[in-house]
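**Q** Prediction below, plus the sequence it came from.
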Amino acid sequence: MAAQKPPQKRQKGPRVKLGIADRVQLLNILPAEGNIVTLRIVNDLRTDLSFSEKEIAEGGIEVEDGQIRWKPDAPVVKDVKIGDTAKDLIKDALKKLDDEKKLTAGLVPIWDKFMS
């Protein structure tokens, strides 16, 4: 019988209200590489940011030609727990984009939520 993995701890920390656009933007800027601790935190955060079947239906979320589209007036908002380490990863990603002058207008709401 294989050894069972201990249950992973979920992110501790304050909850942040995130709409569809916020969640999509965050999913796009999370790091794809890092040490094992970083990757586990990113994996948990990706799971927390992902959309349920109900949210997909309510928000009219679909992928078309590689683009994620949704109803702009969709009332899909989720309270997501963002722990200190996850928040630091998000802030680092935003800072890097800012330093490289690669921030987009779509990231301004995310910047305001995490950098202020």
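**A** On my side now, so go ahead. If you're wondering where the values come from, they're calculated on a predicted model, not measured in any experiment.
**Q** For residue 87, give its distance to residue 106.
**A** According to Cβ to Cβ, to the nearest Å, residue 87 stands 19 Å off from residue 106. C-beta: built from backbone N, CA, C; applies to glycine.
**Q** who has more neighbours, the two?
**A** residue 87 (17 against 12; other Cβ atoms under 10 Å).
**Q** Correct me if wrong, but that one is in a helix.
**A** Yes. Using DSSP: H, G, I helix; E, B strand; the rest coil, the assignment for residue 87 is a helix.
**Q** So the closest residue to residue 30 other than its chain neighbours, which state does it fall into?
**A** Using Cβ to Cβ, 6 or more residues apart in numbering and skipping residues adjacent in sequence, the residue nearest residue 30 is residue 42, 5.1 Å away. Classification of residue 42 by three-state DSSP places it in helix.
**Q** Can I get stretch 26-41 in PDB, CA atoms only?
**A** Coordinates of each C-alpha in stretch 26-41 appear next as PDB, following Å, rounded to 0.1, in the frame of the first residue of the first chain:
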ATOM      1  CA  LEU A  26      -4.100  36.800 -11.800                       C
ATOM      2  CA  LEU A  27      -4.000  33.300 -13.400                       C
ATOM      3  CA  ASN A  28      -2.100  34.900 -16.300                       C
ATOM      4  CA  ILE A  29       0.600  36.500 -14.100                       C
ATOM      5  CA  LEU A  30       1.300  33.700 -11.600                       C
ATOM      6  CA  PRO A  31       4.800  32.300 -11.900                       C
ATOM      7  CA  ALA A  32       5.300  29.100 -13.900                       C
ATOM      8  CA  GLU A  33       8.600  28.300 -12.300                       C
ATOM      9  CA  GLY A  34      10.100  28.500  -8.900                       C
ATOM     10  CA  ASN A  35      11.100  26.300  -5.900                       C
ATOM     11  CA  ILE A  36       8.800  23.500  -4.600                       C
ATOM     12  CA  VAL A  37       7.200  25.800  -2.000                       C
ATOM     13  CA  THR A  38       6.400  28.500  -4.500                       C
ATOM     14  CA  LEU A  39       5.000  25.900  -7.000                       C
ATOM     15  CA  ARG A  40       2.700  24.400  -4.300                       C
ATOM     16  CA  ILE A  41       1.400  27.800  -3.300                       C
END
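**Q** Right, I'll call it a day here.
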